[in-house]
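Engineer: build me a model from this:
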Amino acid sequence: MNFELEYLWNLCTQQSARQQNNKQKQSLIKELMAESERLKKVYLFFSPYQEVSLASFIRFQQHSLARLLSAVETGFEFLKSLQADHQQLMAELQLPGMLDELLDFINYNFPLEFDFNAAISATCLLKEQKSQQALAELIDKKLREKQISLQLRNIILDAVNLSDRADFTYGDLRYIHAISDQILNKLDNLDSEQAIVNLLSAHNFNKPQFFEYLKVRMQADLESAPEISEKYKALLILKKESRQNVSRQTSQYTLLHPPLSESILGYLESERLFLKEMELITTEWVNSGLLDANYKVSLTVRQLAFYIYLNVECGIITEQRAKKIHQYAITHLDTQEKSGISEKSFKNAYYLHHAEDIKKVMEKLAKMLAIARERY
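Structural biologist: Alright, predicted model coming up:
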């Protein structure tokens, strides 16, 4: 099947390397263009036969063209050190662009047979970077208008510009075109950074820098929870959100890294195991007497609830979520009546105050005030 490219190979590697006058140059350019058109017809009208399927033929031609293009690109690098008139000839022939255009032709007309796992050429990468530049500038403008963070903005623009790496495949290119269009078309309706994060996650944007960005956000959510129980709750919420928002589609930014959902769930599982280890260590300290599980107070449940209520009202305790205050109290405090406080009894006492309990707390506060006066 490689006989289809023999004449093209001869034109690219032999005829173009000879000294040419202007007439010969023009003749060579016409021959190259004619051969390119002939090959397009061969591809379009190829008829499969017993030993060669259409997919086999197309992929063979694709990979052969890619090798020829690679050889020409290497030759171009070598020719930079040759005479100026020879460099000018090679530029006039535009061989890399012609070969890349043939690959684009195959890609467009045979999407089912084309090998999208194949690497793109340096010529193709340069062409795509120039093509994406205007789109990237427009997206950057819209992101700035929405005051999106510099970190996320750079992550998106590096992807749209194809500037963060050099080892792209045709599949990567197809994905970048699709995600670029999605961002541009939906950006006007996205009113927050989180909405943009959800859009990228929904399209399996597994760019490593984006995953690191997500990890920092998830770490912040976990660290904001003061208790291990709250951290477990935050983990469950993050897992649920990940399963709902992160796509499991096969197309992704790069095949060099796991899908985004797999990376996120793997990270959350490692955090869960870490919390489990911390919980075991805390339990061992409590059981060995190195750490008291609860503090004993000399108040009843109703008196304790009223005392904590006063701390909240006076601004000593700044937490405004009553449920969180209740949970902390029943988890860390024991009263004079019994070990352990039920959430229901504490909640009732927190909102319903009795005169005898108020009087008892006032006596304690008066004693505290007297001690303070002695020290003043």
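Engineer: by mean pLDDT, point me to the weakest helix or strand of the protein.
Structural biologist: Of all helical and strand segments in the chain, the minimum by mean pLDDT, DSSP states H and E falls on helix 84-93, at a mean of 52.
Engineer: quick one: contacts for residue 364?
Structural biologist: Counting by C-beta atoms under 8 Å, 6 or more residues apart in numbering, residue 364 makes contact with 299, 307. The way it works is simple: take the backbone N, C-alpha and C, and place the C-beta from them, glycine included.
Engineer: name the SS class of it, please.
Structural biologist: Remark: residue 364 carries the secondary structure label helix [criterion: DSSP: H, G, I helix; E, B strand; the rest coil].
Engineer: before we move on, what about residue 317?
Structural biologist: At residue 317 the chain is in coil, as set by three-state DSSP.
Engineer: my guess is it contacts residue 325. True?
Structural biologist: Yes: under the criterion of C-beta atoms under 8 Å, residue 317 makes contact with residue 325 at 6.8 Å.
Engineer: which residues are in contact with both of these two?
Structural biologist: With C-beta under 8 Å, 6+ apart applied, the overlap between the contact sets of residue 317 and residue 325 consists of residue 308.
Engineer: so which of these two has more stuff around it?
Structural biologist: Neighbour totals were compared for residue 317 and residue 325, and residue 325 leads with 20 against 14 (other C-beta atoms under 10 Å).
Engineer: and residue 264, how many residues sit next to it?
Structural biologist: The burial metric for residue 264, expressed as a neighbour count using other C-beta under 10 Å, is 24.
Engineer: that one: what's its closest spatial neighbour, skipping adjacent residues?
Structural biologist: With C-beta to C-beta, 6 or more residues apart in numbering as the measure, residue 242 is the residue that lies nearest to residue 264, at 4.8 Å, once sequence neighbours are left out.
Engineer: can you pull the contacts of that neighbour?
Structural biologist: Residue 242 touches 201, 261, 264-265, 268, counting by C-beta under 8 Å, 6+ apart.
Engineer: give the helix, strand or coil label for residue 306.
Structural biologist: With three-state DSSP as the basis, residue 306 sits in helix.
Engineer: that one: what's it in contact with?
Structural biologist: Residue 306 makes contact with 349-350, 353, 357-358, 361, according to C-beta under 8 Å, 6+ apart.
Engineer: of these, buried ones?
Structural biologist: 349-350, 353, 357, 361 (16 or more other C-beta atoms under 10 Å).
Engineer: can the residues you listed go into a markdown table with extra columns for pLDDT, distance to residue 238 and secondary structure?
Structural biologist: As requested, the buried ones among the contacts of residue 306 are arranged in a markdown table below (pLDDT from 0 to 100; distance: C-beta to C-beta, whole Å; DSSP: H, G, I helix; E, B strand; the rest coil):
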| residue | pLDDT | distance to residue 238 | secondary structure |
| --- | --- | --- | --- |
| 349 | 88 | 35 | helix |
| 350 | 89 | 30 | helix |
| 353 | 91 | 39 | coil |
| 357 | 90 | 41 | helix |
| 361 | 90 | 41 | helix |
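Engineer: which one of those is nearest residue 100?
Structural biologist: residue 350 (73.0 Å; C-beta to C-beta).
Engineer: state the distance from the closest residue to that closest one other than its chain neighbours to residue 349.
Structural biologist: With C-beta to C-beta, 6+ apart as the measure, residue 305 is the residue that lies nearest to residue 350, at 4.3 Å, once sequence neighbours are left out. Distance from residue 305 to residue 349, counting by C-beta to C-beta, to the nearest Å: 4 Å.
Engineer: one more: residue 210?
Structural biologist: When C-beta to C-beta is applied, the distance between residue 210 and residue 349 equals 49 Å.
Engineer: same thing with residue 55?
Structural biologist: Going from residue 55 to residue 349 by C-beta to C-beta gives 76 Å.
Engineer: quick check: buried residues in stretch 65-79?
Structural biologist: 65-66, 68-70, 72-73, 75-76, 79.
Engineer: gap between it and the chain center?
Structural biologist: Averaged C-alpha coordinates place stretch 65-79 at 34 Å from its chain's average position (C-alpha atoms, centre = their mean, to the nearest Å).
Engineer: now stretch 354-369
Structural biologist: 57 Å.
Engineer: now stretch 162-175
Structural biologist: Averaging C-alpha coordinates over stretch 162-175 and over its chain gives two centres that are 15 Å apart (C-alpha atoms, centre = their mean).
Engineer: against residue 341, how distant is the residue nearest to residue 350?
Structural biologist: Relative to residue 341, residue 305 is positioned 9 Å away (criterion: C-beta to C-beta).
Engineer: anything in contact with each of the two?
Structural biologist: A shared contact of residue 305 and residue 341, defined by C-beta under 8 Å, 6+ apart, is any residue touching both; here these are residue 329.
Engineer: and these two? which has more neighbours close in?
Structural biologist: Summary of the neighbour comparison: residue 305 and residue 341, criterion other C-beta under 10 Å, with residue 305 having more neighbours (27 against 22).
Engineer: residues in contact with that one?
Structural biologist: The neighbours of residue 305, taking C-beta under 8 Å, 6+ apart as the test, are 329, 346, 349-350.
Engineer: quick one: the strands in the chain?
Structural biologist: With DSSP state E as the criterion, the chain has strands at 295-296, 333-334.
Engineer: deepest-packed of these, please.
Structural biologist: strand 333-334 (a mean of 18; mean count of other C-beta atoms under 10 Å).
Engineer: how near is the closest residue in space to residue 217 that isn't next to it in sequence to residue 210?
Structural biologist: Once its chain neighbours are removed from consideration, residue 217 has its nearest residue in residue 197; the separation is 7.8 Å (C-beta to C-beta, 6+ apart). Residue 197 sits 9 Å away from residue 210, taking C-beta to C-beta as the criterion.
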